[in-house]
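what shape does this take:
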Amino acid sequence: MTVPGGGAILGERRGGKRMIIVQARIPVLGDKRNIAYQSIHQFVDRVRTEQGCLSCEALVTLENPDVIVIQQAWRGADDLNTHAGGPHLDAFLDALPQFVDGEVSTLRYEAFAAEDTPDIELDADEEMAAPQGVTLH
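Numbering: from 1, shown residues only. Predicted coordinates:
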C-alpha cells in the first residue's frame, strides 16, 4: 500500500510489513478545553510532517469531551524514537501542565500486515460473537 506521493505506508519487518501505533489518552480540565484543543491541534499538524509518520489524529471521546485521544502510526521504531526526542513532542509536553487533568496514559502497539500473522484456529465449541447490543462491521 502507498500513500499519496508514492511513499510506503508500512515499514518492513523480516520480509513483512508492519507499523507502530501509539495512543495517548489525555484528560483535560473542562474550563481549559479550548486551550487543550488548540495545543493538540498544533501538535498533530506538526507531527504529521515528521519523517516516518503515517498518520496522526486527535479524537474526542463520546463519553467525555474532556478526554482527548491522540493516535499516531509510525513506519518503524527509528522514526518513533526520532519523534520522541524531537522538538514537537518537547514543546507539547511543556504545554501539557496548563490543561491536563490527571494522568496521561499511553499505549504502544505493533501492527503487522494480515499476510504476516499466523492463522488462528478456534476450537469447535468456541464462537466469535459480538457483545450484547454491539454491531460489528
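
which other residues reach stretch 97-104?
24-30, 32-33, 35-36, 39, 66, 96 (CB atoms under 8 Å, 6 or more residues apart in numbering). Using the backbone N, CA and C atoms, a C-beta is placed for each residue, glycine as well.

10 Å instead, please
For stretch 97-104, contacts defined as CB atoms under 10 Å, 6 or more residues apart in numbering pick out 24-40, 66-68, 70, 93, 96.

name the element residue 82 belongs to?
Of the helices and strands defined by DSSP states H and E, residue 82 is found in helix 77-84.

so which other helices or strands are in contact with the helix or strand that that helix is followed by?
Tracing the chain C-terminally past helix 77-84 and defining elements by DSSP H and E, one meets helix 87-95 next. Using 3 or more CB pairs under 10 Å, 6 or more residues apart in numbering; DSSP states H and E, the elements in contact with helix 87-95 are helix 33-47.

which strand runs longest in the chain?
Assignment by DSSP state E gives strand 16-27 as the longest strand of the chain.

tell me the buried residues within the contacts of stretch 97-104.
Burial by neighbour count, 16 or more other CB atoms under 10 Å: within those this picks out 24-28, 33, 36-37, 39-40, 66-68, 70.

any chance of those residues in JSON lines with pLDDT and distance to residue 51 as columns?
Below are the buried ones among the contacts of stretch 97-104 laid out as JSON lines (pLDDT from 0 to 100; distance: CB to CB, whole Å):
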{"residue": "24", "pLDDT": "96", "distance to residue 51": "20"}
{"residue": "25", "pLDDT": "96", "distance to residue 51": "26"}
{"residue": "26", "pLDDT": "96", "distance to residue 51": "24"}
{"residue": "27", "pLDDT": "97", "distance to residue 51": "30"}
{"residue": "28", "pLDDT": "97", "distance to residue 51": "29"}
{"residue": "33", "pLDDT": "94", "distance to residue 51": "31"}
{"residue": "36", "pLDDT": "95", "distance to residue 51": "27"}
{"residue": "37", "pLDDT": "94", "distance to residue 51": "26"}
{"residue": "39", "pLDDT": "96", "distance to residue 51": "23"}
{"residue": "40", "pLDDT": "96", "distance to residue 51": "21"}
{"residue": "66", "pLDDT": "95", "distance to residue 51": "33"}
{"residue": "67", "pLDDT": "95", "distance to residue 51": "29"}
{"residue": "68", "pLDDT": "96", "distance to residue 51": "25"}
{"residue": "70", "pLDDT": "97", "distance to residue 51": "18"}
